[in-house]
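> here is the input, now give the coordinates:
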Amino acid sequence: MVAYFHGIGSPAGIYSLPSQWHQIAGTVTSNSSLYYLADWIPGARTLSQAKANCRALPLTRGGIVIVTQWTASSTNTDFSCR
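Numbers count the residues shown, from 1 in each chain. As a prediction, this is how the structure comes out:
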């Protein structure tokens with residue numbers, strides 16, 4: 001799927017909580033198409049926690065956290081780490 005999106009010139013990334021990602025994908029090796037993808041990390045309850053998640057370890061060793069998300073009441077809000 002990642003190859004398809006890259007083939008049509010579209011970006012691809014990973015959206016997951018770290019605990020869920022490791023259950024789904026396990027350890028992602030450097031030869032995987034998932035290795036260098038950008039990460040979108042949900043799970044924070046406040047803006048300050050979302051900002052702190054920008055400094056969290058990426059889901060893969062080659063990735064980078066570029067967006068985080070926090071939930072206030074029933075609304076999800078995104079924060080750009082860049």
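
> and the pLDDT for the residue of the chain most remote from its centre?
What lies farthest from the middle of the chain is Ser73; by C-alpha atoms, centre = their mean that is 22.1 Å. Listed pLDDT for Ser73 reads 83.

> show me where the protein has helices.
2-7, 18-25, 47-53 (DSSP state H).

> wait, which of those helices is closest to Tyr36?
Checking those against Tyr36 by C-beta to C-beta gives helix 2-7 as the closest, at 9.6 Å. Every C-beta, even on glycine, is put in place using the N, C-alpha and C of the backbone.

> contacts for stretch 45-60, please.
14, 16, 18, 21, 25, 28, 32, 34-37, 39, 41, 43-44, 64-65, 68-72, 77, 79, 81 (C-beta atoms under 8 Å, 6 or more residues apart in numbering).

> for the protein, what's the longest strand?
Ordering each strand of the chain by length in residues (DSSP state E) puts strand 64-72 first.
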